[in-house]
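>>> got a structure for you, letters missing:
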Ligand SMILES: Cc1cc2nc3c(=O)[nH]c(=O)nc-3n(C[C@H](O)[C@H](O)[C@H](O)COP(=O)(O)OP(=O)(O)OC[C@H]3O[C@@H](n4cnc5c(N)ncnc54)[C@H](O)[C@@H]3O)c2cc1C
């Protein structure tokens, strides 16, 4: 479209936006992309990447302790939080530069600016006080931690964004929330030696995961020393004269900690972007409404990633970006496929999961077979660590299709990635049974559980 400055203008330089900009530019399209904070977005700057680095950091004390059973004497270890933060900063700056360079190397133009839509083809770049025009606009502005203004003392609380860059490691922390971010941070802080309490209003942490895994992870975390208070909500947070914080819970208990972190959900970044002005339709939670192809109600404006509140994961934002480019620029309408997404929780032990939980499967299928193995992983035999691994397959008794695979234990995330393939392909339990085991591994249980542990027929466990 020669009449416009760009064929495509992308707002938001995170996982989805950068991928769409890079791939469209590589096709020869004239592409601009604006990022108001740092290229790489949530995942690289204050999400998946720094989180995983902190998970690694927090695992060392257990490795040191486990080494004794293998004959090692490890001198007393010390930890320096500032070193970890500085090294994390160096790594994310490296990745940030790569993200930006990849777009520019493909021929795209990057802007370090907040962008606002003033008309379906016109974007104002606030940082440059400049207006540009585009044939197609892609909104990929992601989300941010949900605030909690109704909580008295909320101004004393931090969110995941701040948790990565605390000046000092707290001695004690309270984390409110039961989702994967709350659970992962509880494990990180505990592993780094912080007295950690997780406060969650629901009956069990990690509400959308298989109940077996949720309960076993809860027990294991408590055994390690993490306090988990379910059915609990914070009533207020107050700063004490000594600078510490008191948090009163609905149970009547008061916790005294150095930091209170709120991880109570994430909300889409859609405010003050001109979206209401041009009539973009939103969902009740403020996410951008899109059709199956990520197109908004305005023909040339599209939205992908967390801002659409479909599935808030990096690979999903990237997949939606690829489908968008196929649809908008390659005359190949492609709807992102959100079915059977493998995912992990980087708790300690880790969760890897794909497909239906037992509870979901039982609601949808009349006859469900459960194959379940709970055992001490080999690495914990000599270490003496009293920690169980759990492997579970959920199978449709009628078709033999494997509906769900759930793992709690070392490397569960890596296993979930591989299990995503047979489950996506719709393979059956017989295919699993025909597969030779890799020995000795923990994953071999996946292909050696020949008999169902139990079945659930018409809702009844047999
Ligand atoms: C603590 C944490 C841990 C996570 N861990 C994982 C994990 O292990 N695995 C996983 O798959 N996912 C994880 N996620 C989720 C993942 O980070 C997101 O799903 C992913 O980043 C979404 O990509 P996106 O492109 O939609 O948005 P984002 O990556 O959020 O990018 C949006 C970008 O848009 C910019 N922006 C917003 N408004 C404007 C504007 N008006 N103008 C210009 N720029 C703007 C923002 O600054 C941001 O950089 C985690 C998230 C968090 C918070």
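Done, it's in. As the structure is a prediction and not an experimental result, all values here were calculated from the model.
>>> which residue packs closest to the residue of the stretch 101-250 of the chain found nearest the ligand, ignoring adjacent ones?
Residue of the stretch 101-250 of the chain nearest the ligand, by Cβ to the nearest ligand atom: residue 142 (2.1 Å). Using the backbone N, CA and C atoms, a C-beta is placed for each residue, glycine as well. Counting by Cβ to Cβ, 6 or more residues apart in numbering, residue 142 lies nearest to residue 306, which is 4.5 Å off, once chain neighbours are set aside.
>>> Could you count how many residues lie near the one you found?
Counted with other Cβ atoms under 10 Å, the neighbours of residue 306 add up to 31.
>>> A helix includes it, no?
Yes: under DSSP: H, G, I helix; E, B strand; the rest coil, residue 306 sits within a helix.
>>> Could you pull up the contacting residues of it?
Residues near residue 306 by Cβ atoms under 8 Å, 6 or more residues apart in numbering: 14, 16, 42, 142-143, 266, 268, 312, 317.
>>> So residue 416, which state does it fall into?
At residue 416 the chain is in helix, as set by three-state DSSP.
>>> host element of the residue nearest to it when sequence neighbours are not counted?
Counting by Cβ to Cβ, 6+ apart, residue 416 lies nearest to residue 352, which is 3.0 Å off, once chain neighbours are set aside. Assigned by DSSP states H and E, residue 352 belongs to strand 351-355.
>>> so how far is the ligand from the residue nearest to residue 142?
From residue 306 across to the ligand, the span is 4 Å (Cβ to the nearest ligand atom, to the nearest Å).
>>> Residue 363 versus the nearest residue to residue 364 once chain neighbours are set aside, what's the distance?
Nearest residue to residue 364, sequence neighbours excluded (Cβ to Cβ, 6+ apart): residue 356, at 7.2 Å. From residue 356 across to residue 363, the span is 9 Å (Cβ to Cβ, to the nearest Å).
>>> Likewise for residue 91?
Between residue 91 and residue 363 the computed distance is 43 Å (Cβ to Cβ).
>>> Show the contacting residues for the spatially most central residue of the chain.
Closest to where the C-alpha atoms of the chain average out (Cα atoms, centre = their mean) is residue 313, at 5.3 Å. By Cβ under 8 Å, 6+ apart, the contact list for residue 313 reads 341, 343.
>>> What pLDDT does the model give it?
Here the pLDDT value assigned to residue 313 is 98.
>>> Next up, phi/psi of it, please.
Backbone torsions of residue 313, given as degrees, to the nearest 10, read phi -140, psi 150.
>>> give me the beta-bridge partners of the residue nearest to residue 416?
In this entry, residue 352 is beta-bridged to residue 344, residue 407, by DSSP bridges.
>>> That one - how many residues pack around it?
Neighbourhood size, residue 352 [other Cβ under 10 Å]: 26.
>>> those helices in the protein, which residues are they?
15-26, 41-46, 48-67, 81-105, 160-163, 180-191, 211-224, 275-278, 314-329, 358-364, 379-383, 412-424, 429-434 (DSSP state H).
>>> who touches the longest one?
Contacts to helix 81-105, defined as Cβ under 8 Å, 6+ apart, come from residues 13, 18, 21-22, 25, 31, 33, 38-40, 44-45, 49-50, 53-54, 57, 110, 164-166, 168-169, 192.
>>> Quick check: residue 196 vs residue 424, distance?
The value you get for residue 196 to residue 424, if Cβ to Cβ is used, is 36 Å.
>>> Likewise for residue 70?
In terms of Cβ to Cβ, residue 70 sits 38 Å off from residue 424.
>>> Those two - which one has more neighbours?
Per other Cβ under 10 Å, whichever of residue 70 and residue 424 has more neighbours is residue 424, with 15 against 9.
>>> give me every residue that touches that one.
With contact set as Cβ under 8 Å, 6+ apart, residue 424 has these partners: residue 340.
>>> before we move on, what about the one 3 residues further on?
Residue 427 makes contact with 401-402 under the criterion Cβ under 8 Å, 6+ apart.
>>> confidence score at it?
On the pLDDT scale, residue 427 gets 98.
>>> Need phi/psi at it.
phi -70, psi 160.
>>> ditto for residue 170
Dihedral angles for residue 170 - degrees, to the nearest 10 - are phi -70, psi 160.
>>> Can you report how many residues lie near it?
Residue 170: 22 neighbours (other Cβ under 10 Å).
>>> wait, it sits on residue 261?
No: Residue 170 is beyond contact range of residue 261, at 9.3 Å (criterion: Cβ atoms under 8 Å).
>>> what do the two both touch?
Counting by Cβ under 8 Å, 6+ apart, residue 170 and residue 261 have no contacts in common.
>>> which parts of stretch 437-454 are buried?
Across stretch 437-454, burial judged by 16 or more other Cβ atoms under 10 Å covers 442-447, 449, 452.
>>> So what touches that stretch?
369-373, 375, 377-378, 389, 391, 393, 395, 405, 409-411, 415, 419, 432-433, 435-436, 461-462.
>>> so which of those also contact the ligand?
Among these, no residue sits close to the ligand (Cβ under 6 Å from any ligand atom).
>>> which residues sit in contact with the closest residue in space to residue 202 that isn't next to it in sequence?
Using Cβ to Cβ, 6+ apart and skipping the chain neighbours, the partner closest in space to residue 202 is residue 178 (5.2 Å). Applying Cβ under 8 Å, 6+ apart to residue 178 gives the contacts 198, 200-202, 204-207, 230.
>>> How about residue 128?
Residues in contact with residue 128, defined by Cβ under 8 Å, 6+ apart, are 111, 113.
>>> swap in residue 428?
395, 399-402.
>>> With pLDDT and neighbour count as extra columns, can I get those in JSON lines?
Formatted as JSON lines, the contacts of residue 428 follow (pLDDT from 0 to 100; neighbours: other Cβ atoms under 10 Å):
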{"residue": "395", "pLDDT": "98", "neighbour count": "26"}
{"residue": "399", "pLDDT": "98", "neighbour count": "13"}
{"residue": "400", "pLDDT": "98", "neighbour count": "15"}
{"residue": "401", "pLDDT": "98", "neighbour count": "18"}
{"residue": "402", "pLDDT": "98", "neighbour count": "27"}
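>>> Could you list which of those belong to strands?
Mapping those onto strands (DSSP state E) picks out 395, 402.
>>> Pick out whichever of the contacts of residue 428 sits closest to residue 321.
Among those, residue 402 lies closest to residue 321 (Cβ to Cβ), at 29.4 Å.
>>> in the sheet, who's paired with that closest one?
Judged by DSSP bridges, the bridge partners of residue 402 are residue 395.
>>> List the contacts of it.
Residues counted as contacts of residue 402 (Cβ under 8 Å, 6+ apart) are 355, 393-395, 422-423, 427-429, 432.
>>> Need the winner for burial among the helices of the chain.
Ranked by mean neighbour count, the helices of the chain are led by helix 15-26 with a mean of 27 (mean count of other Cβ atoms under 10 Å).
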